[in-house]
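> Test case, fold it:
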Amino acid sequence: METVPTALWVVVMLVVLALLFDFMNGFHDAANSIATVVSTGVLKPQHAVVFAAFFNVVAILVFQLKVAATVGKGIVEPGIVDQHVVFGALIGAIAWNVITWWYGIPSSSSHALIGGIVGATVAKAGTGPLIGSGVFKTVLFIFVSPVMGFLLGALMMVAVAWIFRRTSPLRVDNWFRRLQLVSAGLYSLGHGGNDAQKTIGIIWLLLIASGYTSAASTAPPMWTIWSCYIAIGLGTMFGGWRIVKTMGQRITKLKPVGGFCAETGGAVTLFVATGLGVPVSTTHTITGAIFGVGSVRNASAVRWGLAGNIVLAWIVTIPATAFIAAVFYGLSLLLF
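Alright, predicted model coming up:
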């Protein structure tokens, strides 16, 4: 009985740590939602972050918790998870987010978290507790989501160019400045819907592992849902300006029509993935869409060297966070 207060203290600490990761997810991935709308001059940065944060939180009313279920029960067997695994996973993901934010690299908070869960689990019990189907579809969408974003962004750009071929550039620009507000809102909705659920999933996993929620439960406690959506919204409002610059200007120069096509292509990809319960990277998705738009306009306008560096970061994310998580899993055994 004397261990219960200590266990409760550890659970509270890890929930706070998870919400910190969620906040950093919004902070890190704010660029995904607002880079195009800021770089095209449609919204001022301070207005854009509030706009995006609003739709991040509104997503709670739109999407089912399929992604949370995948993270909570579909990556590793919940029975093998304990507070040490969760601690290692969160520290691995947070550390990677800080490193990539510092260097302005648009990496994936989602895959950082998944890599952290996998690394800490393997450090504890080997590969046996990993659920192959959940890990496979997550890894598969590392490639599917940017390709889908690329194709949708490019196809939309081609369609818009054909539909408005007889319209003056000035009029097209004026129309798409307004339409980009719609596309940015939809993308922010998809961002909140997919990314907030990943933190809901790991808190759910923690509560199951610590005995505060039954493994047979079909949904996490309501307080976890609201707190995670609010945390990611606050993170988005704080913003990650280093990555905004990379996403909005360094990959390719965007105009409102290009921003609309990229955001809409990215939003469709996120809606599909969230509907399927796949925890995808919003970073991969919008980056692929921006590449698609830029390549249609002028392939030479895309800075493919930078693209190579970004893709390398994508490939390294899961093994890097898995390694960091494994190290901190070991350290946590000495701490609590």
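> CA atoms for contacts and neighbours, from now on please.
OK.
> and the longest helix for the protein?
helix 169-209 (DSSP state H).
> thinking Phe238 is in contact with His47, fair?
No - using Cα atoms under 8 Å, Phe238 is not in contact with His47; the gap is 11.5 Å.
> Between these two, which has more neighbouring residues?
For the pair Phe238 and His47, the greater number of neighbours falls to Phe238 (19 against 13), based on other Cα atoms under 10 Å.
> helix, strand or coil for Leu334?
Of the three states, Leu334 takes helix under DSSP: H, G, I helix; E, B strand; the rest coil.
> Low-confidence bits of the stretch 151-300 of the chain, can you list those?
By pLDDT under 70, the low-scoring segments of the stretch 151-300 of the chain are 239-254, 297-300.
> What about Glu263, how many residues nearby?
Applying other Cα under 10 Å, I find that Glu263 has 34 neighbouring residues.
> tilt between the helix or strand it falls within and helix 169-209?
Per DSSP states H and E, Glu263 falls inside helix 256-276. When axes from the mean of the first three to the mean of the last three Cα atoms, to 10 degrees is applied, the directions of helix 256-276 and helix 169-209 differ by 30 degrees.
> from here on, count from 204
Noted, 204 is the first residue going forward, which turns the last one into helix 459-479.
> counting contacts, what elements does helix 459-479 pack onto?
helix 206-242, helix 269-276, helix 335-366, helix 372-412, helix 485-500 (3 or more Cα pairs under 8 Å, 6 or more residues apart in numbering; DSSP states H and E).
> mind exporting that helix as PDB, just the C-alpha atoms?
Extracted C-alpha coordinates of helix 459-479, given in PDB (Å, rounded to 0.1, in the frame of the first residue of the first chain):
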ATOM      1  CA  PRO A 459      -1.200  31.600 -52.900                       C
ATOM      2  CA  VAL A 460      -2.300  29.200 -55.600                       C
ATOM      3  CA  GLY A 461       0.600  26.900 -54.800                       C
ATOM      4  CA  GLY A 462       0.000  27.200 -51.000                       C
ATOM      5  CA  PHE A 463      -3.700  26.300 -51.600                       C
ATOM      6  CA  CYS A 464      -2.800  23.200 -53.600                       C
ATOM      7  CA  ALA A 465      -0.100  22.000 -51.200                       C
ATOM      8  CA  GLU A 466      -2.300  22.500 -48.100                       C
ATOM      9  CA  THR A 467      -5.300  20.800 -49.700                       C
ATOM     10  CA  GLY A 468      -3.300  17.900 -51.000                       C
ATOM     11  CA  GLY A 469      -1.800  17.500 -47.500                       C
ATOM     12  CA  ALA A 470      -5.200  17.800 -45.800                       C
ATOM     13  CA  VAL A 471      -6.700  15.100 -47.900                       C
ATOM     14  CA  THR A 472      -3.800  12.800 -47.100                       C
ATOM     15  CA  LEU A 473      -4.100  13.500 -43.300                       C
ATOM     16  CA  PHE A 474      -7.900  12.900 -43.400                       C
ATOM     17  CA  VAL A 475      -7.400   9.600 -45.100                       C
ATOM     18  CA  ALA A 476      -4.700   8.400 -42.700                       C
ATOM     19  CA  THR A 477      -6.600   9.500 -39.600                       C
ATOM     20  CA  GLY A 478      -9.700   7.700 -40.900                       C
ATOM     21  CA  LEU A 479      -7.500   4.500 -41.300                       C
END
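> Name the residues of that helix that are buried.
Of all the residues in helix 459-479, those buried under the rule 16 or more other Cα atoms under 10 Å are 459-474, 476-478.
> Quick check: closest non-adjacent residue to Leu220.
Leu293 (7.1 Å; Cα to Cα, 6 or more residues apart in numbering).
> The one you found is in what secondary structure piece?
Short version, using DSSP H and E: Leu293 is in helix 286-305.
> following that helix, which helix or strand comes up?
Taking DSSP H and E, what comes next after helix 286-305 is helix 312-328.
> average pLDDT for that following helix?
Per-residue pLDDT over helix 312-328 has a mean of 92.
> relative orientation of it and helix 335-366 in degrees?
Using the same axes, to 10 degrees: helix 312-328 against helix 335-366 is 170 degrees.
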